[in-house]
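Novice: predicted coordinates and the sequence they were generated for:
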Amino acid sequence: MKKDEKKTALVTGANTGVGFQIAKALAANGYNVYVGSRNLKKGETAAAEIGDMAKAIQLDITASHSIDEAFKLIESEFGYLTLLVNNAAISSAGSPGRTMEETLGAQLPSVASLSEMRTVWDTNVFGTLAVTQAFLPLLRKASAPRIVTVSSALGSLTINSDTSNPYRKSFDAVYGASKTALNGIFLSLAIELEDSGIKVNLVSPGFTATALNNFQGTDTVEEGSKEPIRVALAEDIPSGSFTGPRNFSGSDNIIPW
């Protein structure tokens with residue numbers, strides 16, 4: 001980092017859940033944090049709770065005009081971006097009020113609605129890549145830029161091909177496979193950028209109780225945020241890593257692709 005360069009971060013989907021916890025931790029560690037939120041009022045409430053180092057920014061990663069406006073704001077206020085945390089994601093787009101089991105049953109490849117699949121992938125895959133592409137020019141202007149993308153161990157083909165994995169039945173065509181696609185794209189990005197100085201890392205929170213799974217996860221949001229926060233704050237992790245909590249990975253937290 002240059003001596004006078006303030007660290008600045010954008011966290012998408014940061015008004016609640018894991019994204020909020022990441023934004024709060026970054027602010028506590030000296031980052032000027034933009035709290036990305038589709039609903040600006042919810043973002044403002046979250047930013048106020050985090051404190052003076054946080055500022056709400058309206059950001060719908062599936063809307064190009066929203067991405068453009070967010071880019072212009074950060075460019076005008078800082079001119080660069082130290083850290084982009086891709087956290088925004090959805091797990092379904094079907095009928096509301098379903099249990100996690102009902103949602104998973106409707107997302108199996110033999111019965112999955114292609115319309116729902118397109119909607120989920122539009123956020124989790126295409127929207128995440130769109131916001132990353134848009135902010136690359138600002139990342140290139142920072143001294144030690146990084147991209148951290150919140151994924152899921154559920155997207156690991158190696159883990160899901162292991163018949164001893166108790167969660168493999170949850171690997172569906174809509175949400176689970178969207179994380180597989182996300183992993184592939186961002187591993188590809190890490191390879192592309194390996195000589196640019198921009199680090200690209202992926203991280204899984206584990207089975208965390210959030211709105212993504214109707215709050216039926218086994219870990220609290222605080223527990224599930226530990227590894228994403230660690231990766232978001234770490235500046236010495238090699239680019240191209242995919243890590244998660246130890247109950248989903250080995251002692252070194254590495255998750256197999």
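Specialist: Here it is on my side, so go on.

Novice: next up, the contacts around A54.
Specialist: A54 makes contact with A23, K24, A27, V33, Y34, V35, A46, A47, A48, according to CB atoms under 8 Å, 6 or more residues apart in numbering. Heads up, the C-betas are built off the backbone N, CA and C, glycines and all.

Novice: for the residue most central in space within the chain, list the residues it contacts.
Specialist: Among the residues of the chain, the one closest to the centroid is N87, at 2.3 Å (CA atoms, centre = their mean). Contacts here follow CB under 8 Å, 6+ apart; on that basis N87 touches V11, T12, G13, A14, V18, G19, I22, V150, P228.

Novice: can you do 6 Å?
Specialist: V11, T12, G13, G19, V150 (CB atoms under 6 Å, 6 or more residues apart in numbering).

Novice: could you measure from it over to G97?
Specialist: 24 Å (CB to CB, to the nearest Å).

Novice: output the longest helix belonging to the protein.
Specialist: Ranked by residue count under DSSP state H, the longest helix found in the chain is helix 176-192.

Novice: so whichever helix or strand comes after that helix versus helix 176-192, what angle?
Specialist: If you walk from helix 176-192 toward the C-terminus, the next helix or strand you reach (DSSP states H and E) is strand 199-203. Using axes from the mean of the first three to the mean of the last three CA atoms, to 10 degrees, the interaxial angle of strand 199-203 with respect to helix 176-192 works out to 160 degrees.

Novice: each with direction, which strands does strand 199-203 pair with?
Specialist: When sheet partners are counted by DSSP bridges, strand 199-203 sits next to strand 146-150 (parallel), strand 242-243 (parallel).

Novice: whatever helix or strand comes next after it: which residues count as buried?
Specialist: Toward the C-terminal end, the helix or strand that comes next after strand 199-203 (DSSP H and E) is helix 221-224. Neighbour counts over helix 221-224 (16 or more other CB atoms under 10 Å) mark V221, E223, G224 as buried.

Novice: could you report the neighbour count for L233?
Specialist: Using other CB atoms under 10 Å, the number of residues around L233 comes to 17.

Novice: how about the contacts made by it?
Specialist: For L233, the set of contacting residues under the criterion of CB under 6 Å, 6+ apart consists of N29.

Novice: with the one 4 residues further on instead?
Specialist: When contacts are counted by CB under 6 Å, 6+ apart, I237 touches N201.

Novice: so K7 sits against L83, correct?
Specialist: No: assessed by CB atoms under 6 Å, K7 is found out of contact with L83, at 7.1 Å.

Novice: more neighbours: which of these two?
Specialist: In this comparison of K7 against L83, neighbours counted by other CB under 10 Å, the higher total goes to L83 at 24 against 20.

Novice: the residue nearest to the centre of the chain: what's its closest spatial neighbour, skipping adjacent residues?
Specialist: Distances taken as CB to CB, 6 or more residues apart in numbering place G19 nearest to N87, at 3.9 Å, with adjacent residues excluded.

Novice: what's the answer for N29, then?
Specialist: Nearest in space to N29, with sequence neighbours left out and distances taken as CB to CB, 6+ apart, is L233 at 5.8 Å.

Novice: relative to E69, how far out is that neighbour?
Specialist: Going from L233 to E69 by CB to CB gives 28 Å.

Novice: output the buried residues of helix 221-224 as CSV; include the columns distance to G206 and pLDDT.
Specialist: Below are the buried residues of helix 221-224 laid out as CSV (distance: CB to CB, whole Å; pLDDT from 0 to 100):
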residue, distance to G206, pLDDT
V221, 11, 73
E223, 8, 84
G224, 5, 81
